[in-house]
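Enquirer: sequence first, predicted model second:
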Amino acid sequence: MKISGAHILLQSLKEEGVTTIFGYPGGAVIDIFDVLARLFPDQFTFILVRHEQAAVHAADGYARATGKPGVCIVTSGPGGTNTVTGLATAYMDSIPVLVITGQVPTPLIGNDAFQEADIVGITRPCTKHNYLVGSVNELARTIKEAFYIASTGRPGPVLVDLPKDVLQGKADFEYPRTVVLPTYKPTVKAHIPSIKRAADLIAAADRPVIYAGGGVITSGAHQELRALAEMTHIPVTMTLMGLGCFPGTHPLSLGMLGMHGTYRANMAVNNSDLLLAVGARFDDRVTGKVEEFARGAKVIHIDIDPTSIQKNIVVEVPIVADARHALAKLIEVLKKKEFAEHQRKKLTDWHNSITIWRNEQRLRFDRTTKTIKPQYVVEKLYELTGGEAIITTEVGQNQMWAAQYYLFDKPRTFLSSGGLGTMGYGFPAAIGAQMAFPDKVVIDIAGDGSIQMNIQELATVANYRLPVKIAILNNGYLGMVRQWQERFYDNVYAHTDIMATPDFVKLAEAYGALGLRANTTADVEPVIKQALEHDGPVVIDFVVEREEGVYPMVPAGSSITDMILV
Amino acid sequence: MENRHVISVLVENKPGVLARVSGMFSGRGFNIHSLAVAPSQDAEYSRMTIVTHGNVQIIEQIIKQLRKLINVVRVQDLALGEYVDREMVLIRVRATAAKRAEVLRITDIFRGKVVDVSHDTITLEVSGTQSKIDAILELLAPLGITELIRTGTIAIPRAKKVLKTGDSLE
């Protein structure tokens, strides 16, 4: 029996195990929504957002929280172009997202038709791959390939553009069991001689550091990472994307490194003689001045993407592989060496140095003020959720304080736009995470600037009664830029004062959410408790110290040990 | 040190593939000196010959980034081995009666062909390595080149280093 393209699409999504779809309807995709309502009313949970950008971020948040691809469906033209920021966000952070866009009918393509955009052309540089489906007969295979490409190797977003005549055309449906992509074969297994060389370097090192990134989370290698660190007594520092891949409360954790990393992490990395990079890509926010980054260290670099290796830094032992596989092999090889006890003794001096660095400069803020310190809010959120919440962030100071003061013990609990740095990401991502885990506490740690970039989604959470909590660290500034202006631009606060913000409590109420406010330090704890007890969406407006800064801070382009401390 | 590299890329012959390749170069700030593309012996695949410049790290990144594109089958830096490269040019040169003989003599030396002639110009077709093309252009320049069209380099590795479509399908 022949079925329509729209039906084939949804049947294919079902075959892929998709249960939740985020999106927004429109003329070009009306057939998909029609089939969704008529034939699949119970198979999918559809979340209607209020702006297509939020649909992609929500799908992205869902993917980060679960590890499964997030799916979103939007219409042609502006529907597609509104997904571009979300695609670029997912692309930079290697998140598997499938975006389905409608397109004008094939005969109209190129004619400047109503709501036509060359979305495949527009998104080519910000997707892992994309497709314009030319015939309904290619649809099922294309969806199969799209999921495969999105979720294997170094994951990433894939966009599939579906002309209206393809959605309306009919074909026999058979979902392919296998994918035949001769040009796409990610290297998963590590080259064993390289693993042996890495093991030799680890055994010989006196001041080793593990530098772990988002790839550890992607590959599910957190247990292997922990086993390796505990076996070798090597301290672990994490990138922003890596937070949660190693327990933040573990004695071997150095916390985050880089521009706003901890003093001990940056000192340890730059004084190390061996750096084991796993699933990390030596981003400029991590390395600072790259010539001075870990200058005395030999580097072992494990990454599934060959383009990440030798891109910014010269590597002693490159290992192209899935992090989990590579670490498991490394553990296997090191076990044969039976050197754990020896290692503990050998690294005593190194651990002593790290302890000294930690005690010299801990993360800190003034705890005596009546005015709320934003760090205190994050600390209280950590305490009152028992570290068990899924935290999403916007971008800027809120993001860095969340990264510094909420200690993430588990992977997939810190969802933040690391690479692209997308303000407006956190709230819709929280919607995605909440959909994946209805019973978990999901909190978006936001700024008063960035929350306004997707504030319309309050209607979505109110609509579906999603109990997402939004903690706005409200300082009336675009705080991170203001901090740079204070430090590097003679205190000229050019267009960063945004005191003309709405009353967030009233705004929450207008949307049908609970609005709460904390004006003083003493208010923080009771207000958070009230928010956590409320079974529904809550916006908390924390009126915080206006000119608080994020420290330590490494000025862009400086060595990471040239830290500005509080 | 910046070196000239000839990179041979076998790609799927599908719409948009050229845009993916050229977009990768422009988006990442790599330089394309010349790019020639046409279907290979198997019409499902096209061969691109890209001439670029860069130091070792840049060339390594270019090759890795090319391999990362889903529609790319194989990438080979021909500079790593021996290869034959050719470029064809069409040159329109000023040639009044007095100069015509000289133009023809130069053409002859370089085994070029006259493909068009008018009262005051001669159009030549010449093919060869880059140095040969450079040499004839240098000789013709004083006479006045009014138009120059180049195909860009195409190249093939010497036998035993052949790129085969079959390799990717093993």
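Expert: Sure, I can see it. Numbers count the residues shown, from 1 in each chain, chains lettered A, B, ... in the order given.
Enquirer: identify the residues contacting residue A:523.
Expert: A:372, A:517 (C-beta atoms under 8 Å, 6 or more residues apart in numbering or on different chains). Backbone N, C-alpha and C define where each C-beta goes, glycine included.
Enquirer: check contacts around the residue lying closest to residue A:51 once chain neighbours are set aside.
Expert: Nearest residue to residue A:51, sequence neighbours excluded (C-beta to C-beta, 6 or more residues apart in numbering or on different chains): residue A:456, at 5.6 Å. Counting by C-beta under 8 Å, 6+ apart, residue A:456 touches A:50-51, A:54.
Enquirer: neighbour-wise, which of the residues you listed leads?
Expert: residue A:54 (30 neighbours; other C-beta atoms under 10 Å in any protein chain shown).
Enquirer: so how far is residue B:88 from the residue nearest to the spatial centre of chain B?
Expert: Within chain B, the residue whose C-alpha comes closest to the C-alpha centroid is residue B:153; the distance, by C-alpha atoms, centre = their mean, is 1.3 Å. For residue B:153, the distance to residue B:88 equals 10 Å [C-beta to C-beta, to the nearest Å].
Enquirer: and residue A:490, by the same measure?
Expert: Distance of residue A:490 to residue B:88, given as C-beta to C-beta: 60 Å.
Enquirer: give me the more crowded residue out of those two.
Expert: residue B:88 (16 against 7).
Enquirer: residues in the stretch 251-400 of chain A within reach of chain B, list them.
Expert: Contact residues, the stretch 251-400 of chain A versus chain B (C-beta under 8 Å from any C-beta of the partner chain): A:305-307, A:310-311.
Enquirer: try 6 Å this time
Expert: For the stretch 251-400 of chain A, the residues found near chain B under the criterion C-beta under 6 Å from any C-beta of the partner chain are A:306-307.
Enquirer: residues from chain A in reach of chain B?
Expert: So chain A meets chain B at A:124-125, A:129, A:182-184, A:306-307 (C-beta under 6 Å from any C-beta).
Enquirer: let me see the domain layout of chain A.
Expert: Per automatic domain parsing, the domain ranges recorded for chain A read A:2-172, A:192-360, A:374-543.
Enquirer: same thing with chain B?
Expert: If you go by automatic domain parsing, chain B breaks into B:3-81, B:84-154.
Enquirer: now, of these, which is deepest in the fold?
Expert: Counting by mean count of other C-beta atoms under 10 Å in any protein chain shown, domain B:3-81 has the highest mean neighbour count of the domains of chain B, with a mean of 17.
Enquirer: does any bit of that one sit next to chain A?
Expert: Yes: looking at domain B:3-81 against chain A by C-beta under 6 Å from any C-beta, the contacts come from B:23, B:27, B:64-65, B:68, B:70, B:73.
Enquirer: closest to residue A:341 out of the residues you listed?
Expert: Comparing the residues of domain B:3-81 next to chain A against residue A:341 with C-beta to C-beta picks out residue B:64 as the nearest, at 40.7 Å.
Enquirer: which element, helix or strand, includes the closest one?
Expert: For residue B:64, the host element (DSSP states H and E) is helix B:56-68.
Enquirer: helices and strands around that helix, which ones?
Expert: Packing partners of helix B:56-68 (3 or more C-beta pairs under 6 Å, 6 or more residues apart in numbering or on different chains; DSSP states H and E): strand B:72-77.
Enquirer: what's in contact with the strand it packs on?
Expert: Here strand B:72-77 makes contact (C-beta atoms under 6 Å, 6 or more residues apart in numbering or on different chains) with A:183, B:5, B:7-11, B:63, B:66-67, B:163, B:168.
Enquirer: among the contacts of residue A:456, name the ones in helices.
Expert: residue A:54 (DSSP state H).
Enquirer: turn the contacts of residue A:456 into a markdown table, including pLDDT.
Expert: Shown next, in a markdown table, are these (pLDDT from 0 to 100):
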| residue | pLDDT |
| --- | --- |
| A:50 | 98 |
| A:51 | 98 |
| A:54 | 98 |
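Enquirer: excluding chain neighbours, what is closest to the closest residue to chain B within the stretch 301-450 of chain A?
Expert: For the stretch 301-450 of chain A and chain B, the shortest gap (C-beta to the nearest C-beta) falls at residue A:307, measuring 4.3 Å. Spatial nearest neighbour of residue A:307, chain neighbours left out: residue B:64 (4.3 Å); criterion: C-beta to C-beta, 6+ apart.
Enquirer: so is residue A:224 in a helix, a strand, or just coil?
Expert: Of the three states, residue A:224 takes helix according to DSSP: H, G, I helix; E, B strand; the rest coil.
Enquirer: show the contacting residues for it.
Expert: A:324, A:327-328.
Enquirer: of those residues, which is the most crowded?
Expert: residue A:327 (31 neighbours).
Enquirer: continuing past the helix or strand of chain A with the lowest mean pLDDT, what's the next helix or strand?
Expert: Comparing helices and strands within chain A by mean pLDDT, DSSP states H and E singles out helix A:340-346 as the least confident, with a mean of 84. For helix A:340-346, the following helix or strand on the C-terminal side (DSSP H and E) is helix A:348-360.
Enquirer: for the following helix or strand past that next one, packing partners?
Expert: Later in the chain than helix A:348-360, the nearest helix or strand by DSSP H and E is helix A:374-384. With contacts taken as 3+ C-beta pairs under 6 Å, 6+ apart, helix A:374-384 sits against helix A:397-405, helix A:521-533.
Enquirer: from the chain's centroid, how far away is the shortest one?
Expert: Helix A:397-405 has its C-alpha centroid displaced from the chain centroid by 14 Å (C-alpha atoms, centre = their mean, to the nearest Å).
Enquirer: low-confidence regions, the chain specifically.
Expert: Picked chain A for this. Counting by pLDDT under 70, chain A shows low-confidence ranges at A:337.
Enquirer: if you could check chain B rather than the one you did, that'd help
Expert: Along chain B, the parts satisfying pLDDT under 70 run over B:1, B:161-170.
Enquirer: where do the strands of it begin and end?
Expert: For chain B, the strands defined by DSSP state E cover B:3-12, B:34-39, B:45-54, B:72-77, B:83-94, B:113-117, B:121-128, B:145-150, B:154-157.
Enquirer: and if you look at the stretch 1-150 of chain A?
Expert: A:2-4, A:20-23, A:45-48, A:70-74, A:97-103, A:129-132 (DSSP state E, counting those that start in this stretch).
Enquirer: what's next to the fifth one, contact-wise?
Expert: If you take C-beta under 6 Å, 6+ apart as the criterion, strand A:97-103 is touched by A:28-29, A:59-60, A:63, A:69-76, A:80, A:83, A:90, A:119, A:146, A:150, A:157-163.
Enquirer: relative orientation of it and strand A:70-74 in degrees?
Expert: 10 degrees (axes from the mean of the first three to the mean of the last three C-alpha atoms, to 10 degrees).
Enquirer: for strand A:97-103, which strands pair with it and how are they oriented?
Expert: Sheet pairing here is set by DSSP bridges, and for strand A:97-103 it gives strand A:70-74 (parallel), strand A:158-163 (parallel).
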